[in-house]
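Undergrad: coords below, sequence missing:
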């Protein structure tokens, strides 16, 4: 009833439920409790969507009445913030469902998955950008939290991710790329891997090719490319996309797209993977006779102990530098800037202690 009367007030209480569920951890809810929460989320979401439809109809009627002179042109009792509040409420409800998925994935799949897949399909087919985003938020929760148990439903919702990877709105494109990057780790993604590889690779190449700009819109675009870069490497590491030429091209897309530029989480992941592959002497990365290592070492040195690497990666960079040895480092650093050379030697000294 509160959700019907005051979406903002209802959202506050719903946020509290999400916080409690996340802090409580796994195996707290019974099957019936988890099922009831999921049913309530669905019920309140559908009610909110119905209220939005009624609001839209009322606004259309009011505009028609104004055009016909039935009501004064300045007579508008409708709340302009209503839809924003309703959308915030729907997102808050999605986060409750996400918390249930996170700590009770088996119960969610058994008791609620089918109903939520139907909701996602309805939202994804909507003409509303806010509905599309909400659908993607749900899908990202599916692939993040449900693992192999949820992957049996991939054919029902992962195509929606691929559909939005090239959406012109970066607020839709980013969660789509994120969802692909997570789904790509599962074997069930295999039938979609080749198509996904082509789509996320295009995001990386087109976005990185625009060069660096300071506009907020460009930062959002580059954040999308950072997420697409995670999708590219996860497809390479977890899927078989066919012939050697296609794989080589995809490796080139990933390597050329580095470093990540905006999204700190995706940057930490990609730069960590880069370090791991260097240490493993992955041929596609290090090149013939290690010819590419100086290039990647320079990248890692530039981002060492910055916002775009994790503590674990920073420690690994230090270990790599020590293992290479001072003589080899001096040879590799011949093309480094003076700033890079100084930082490299500092890393060596600190990691050698």
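TA: Received the coordinates, thanks. From a predicted model like this one, the values you see are computed outputs, not experimental measurements.

Undergrad: Buried ones in the helix or strand harbouring residue 276, by neighbour count?
TA: For residue 276, the host element (DSSP states H and E) is helix 264-279. Neighbour counts over helix 264-279 (16 or more other CB atoms under 10 Å) mark 266-275, 277-278 as buried. Every C-beta, even on glycine, is put in place using the N, C-alpha and C of the backbone.

Undergrad: can those go into CSV with extra columns for pLDDT and distance to residue 12?
TA: Output for those, formatted as CSV (pLDDT from 0 to 100; distance: CB to CB, whole Å):
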residue, pLDDT, distance to residue 12
266, 98, 31
267, 98, 33
268, 97, 32
269, 98, 33
270, 98, 37
271, 98, 38
272, 98, 37
273, 98, 39
274, 98, 42
275, 98, 43
277, 98, 46
278, 98, 48
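
Undergrad: Including distance to residue 327, could the residues you listed go into JSON lines?
TA: As requested, the buried residues of helix 264-279 are exported to JSON lines (distance: CB to CB, whole Å):
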{"residue": "266", "distance to residue 327": "35"}
{"residue": "267", "distance to residue 327": "31"}
{"residue": "268", "distance to residue 327": "31"}
{"residue": "269", "distance to residue 327": "32"}
{"residue": "270", "distance to residue 327": "30"}
{"residue": "271", "distance to residue 327": "26"}
{"residue": "272", "distance to residue 327": "27"}
{"residue": "273", "distance to residue 327": "28"}
{"residue": "274", "distance to residue 327": "24"}
{"residue": "275", "distance to residue 327": "21"}
{"residue": "277", "distance to residue 327": "24"}
{"residue": "278", "distance to residue 327": "18"}
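
Undergrad: What is the most widely separated pair among those residues?
TA: Greatest spacing in the buried residues of helix 264-279, by CB to CB: 266 and 278 (18.7 Å).

Undergrad: Show the contacting residues for residue 292.
TA: 285-286 (CB atoms under 8 Å, 6 or more residues apart in numbering).

Undergrad: Ramachandran coordinates for it?
TA: phi -90, psi -10 (degrees, to the nearest 10).

Undergrad: again with residue 241
TA: Main-chain torsions, residue 241, degrees, to the nearest 10: phi -100, psi 10.

Undergrad: Verify the stated contact: it with residue 248.
TA: No: taking CB atoms under 8 Å as the definition, residue 241 is not a contact partner of residue 248, at 10.8 Å.

Undergrad: ok, which stretches of the stretch 151-300 of the chain are strands?
TA: Here the stretch 151-300 of the chain has no strands by DSSP state E, counting those that start in this stretch.

Undergrad: Between residue 241 and residue 248, point out the one with more neighbours.
TA: When neighbours are counted by other CB atoms under 10 Å, residue 241 and residue 248 differ, and residue 241 comes out ahead with 17 against 11.

Undergrad: hmm, back to that, hmm, who's touching the helix holding residue 276?
TA: 181, 223, 226-227, 229-230, 233, 237, 258-261, 284-286, 293, 296-297, 299-300, 303, 307-310, 312-313, 316-317, 320.

Undergrad: again, but for stretch 313-324
TA: By CB under 8 Å, 6+ apart, stretch 313-324 touches 268, 271-272, 275-276, 278-279, 297, 300-301, 304-305, 309, 329, 332, 344, 347-348, 350-352.

Undergrad: And it, what's buried?
TA: 313-314, 316-318, 320-322, 324.

Undergrad: Ok, stretch 57-65 next?
TA: Across stretch 57-65, burial judged by 16+ other CB under 10 Å covers residue 62.

Undergrad: Tell me how far it lies from the chain's centre.
TA: Centroid separation for stretch 57-65 versus its chain: 38 Å, with CA atoms, centre = their mean, to the nearest Å.

Undergrad: State the mean pLDDT of it.
TA: Stretch 57-65 carries an average pLDDT of 75.

Undergrad: Ok, stretch 291-304 next?
TA: Rounded mean pLDDT across stretch 291-304 is 97.

Undergrad: can you pull the buried residues of it?
TA: By neighbour count on 16+ other CB under 10 Å, the buried set for stretch 291-304 is 292-294, 296-304.

Undergrad: Same question for stretch 164-184.
TA: For stretch 164-184, a neighbour-count test (16+ other CB under 10 Å) marks 164-165, 167, 170, 172-184 as buried.

Undergrad: and the helix ranked longest in the chain, how far from the chain's centre?
TA: Using DSSP state H to define each element, the chain has its longest helix at helix 31-67. Relative to its chain's centre, helix 31-67 lies at 27 Å (CA atoms, centre = their mean).

Undergrad: OK, contacts around residue 201?
TA: By CB under 8 Å, 6+ apart, the contact set of residue 201 is 228, 232, 249-250, 253.

Undergrad: and with 6 Å instead?
TA: Residue 201 is in contact with residue 253, counting by CB atoms under 6 Å, 6 or more residues apart in numbering.
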